[in-house]
Every structure is written in structure tokens, then in C-alpha cells.
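# With the input below, show me the fold.
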Amino acid sequence: MDTQDDTNRHTGGCLCGNLRYEVKAPLKAVGACHCKQCRRWSGHYWASAECPIDKFRITRGADLLSWYVSSDFARRGFCKACGSALFWQADRHETWKDHIAVSAGSLDEPTNLRAEKHIFCQFKGDYYDLSDGLPQESTET
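Purely as a prediction, here's the structure:
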């Protein structure tokens, strides 16, 4: 058994459990996006970890995965059965097209991940504060 492979293997899935995925690579630290699209889609803010798309695969329930094209360069993946927000992919963006962001909340524990930063902070909701001490970026859209 390849110990390196086991250390870098992450699994996760949707709320109903019928859609499952696997990542066979280290995940980047969790980032929290406060843009209006992410807040509307997730119900609060979008917390995710990124990995190379070629190290990601759906292991069960591929027929339940649906994609919503949310901008001219990105799409969002969710489970058709339970509605869980699972993936964000900039599939038409030159810099990010080879990566996918998986919902931090959909990962099986232990994740061994830590939150790294907040982005699009100028769009955060007026009902919460960012007081965790992580870097806060205002990013242009």
C-alpha cells in the first residue's frame, strides 16, 4: 500500500450520501469566499479547498451531479437529489481551469485542513463579522 497516496486521499459527499467523490492529492488550505454569488448559493459564504481536476473523481452517483453555469468563466456543481452545494470550477478561466474547489463542509473528517483566508470581503453579509484573525482580501470582480 502506498502510504503517500493514503495521506493525500480525501473523500466526501452530499447530504443524502448518494453522490460521493474522491481527491487523490493534497488539498490547498480552505478559503472562504464572501461574494454575492457564493453567499446566495451556499446560504452563507462558500468555504472550499482546491485540488487539481485530474486528481478528482466522482466515485458514486455521477448521474446526480448537475452543474449550474454561474458566470462567463465558472460553474457550480450540486447534487440533484438533495441540493447540496459541492463544487466550484472555473472551467473557462485560463488560470484556474485545471482545478476544482470542493466544499469544505462536504469533506469526510478528519480533513486535516485549516482555513487560510477570506476573499471578496467587501461583499460579505451585513449580519456577520469576520473576527477569526485570518487575512481578509477585497478582490475585484
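# Now Gln122: closest residue in space, sequence neighbours ignored.
Here the nearest residue to Gln122 in space, its sequence neighbours aside, is Ser138; by C-beta to C-beta, 6 or more residues apart in numbering that works out to 4.4 Å. The C-beta positions use only the backbone N, C-alpha and C, and glycine is treated the same way.
# what's the spacing between the one you found and Ala101?
The gap separating Ser138 from Ala101 is 20 Å, by C-beta to C-beta, to the nearest Å.
# hang on, the earlier thing: ok, the residue nearest to Gln122 - contacts?
Contact partners of Ser138, counting by C-beta atoms under 8 Å, 6 or more residues apart in numbering, are Phe120, Cys121, Gln122.
# Would you write a PyMOL line that selects the buried entries of those?
Typed into PyMOL, the line below selects the buried ones among the contacts of Ser138, using 16 or more other C-beta atoms under 10 Å:
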select buried, resi 120+121
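# Which strand or helix spans Asp129?
In this structure, Asp129 sits in neither a helix nor a strand according to DSSP states H and E.
# so how many other residues sit close to it?
By the measure other C-beta atoms under 10 Å, the count of residues near Asp129 is 8.
# circling back to that earlier point, check what pLDDT the residue nearest to Gln122 gets.
In the prediction, the pLDDT value recorded for Ser138 is 89.
# for it, helix, strand, or coil?
Following DSSP: H, G, I helix; E, B strand; the rest coil, we place Ser138 in the coil state.
# Asp72: neighbouring residues, count only.
7.
# is it true that it lies in a helix?
No: inclusion of Asp72 in a helix is not indicated when three-state DSSP is applied; the result is coil.
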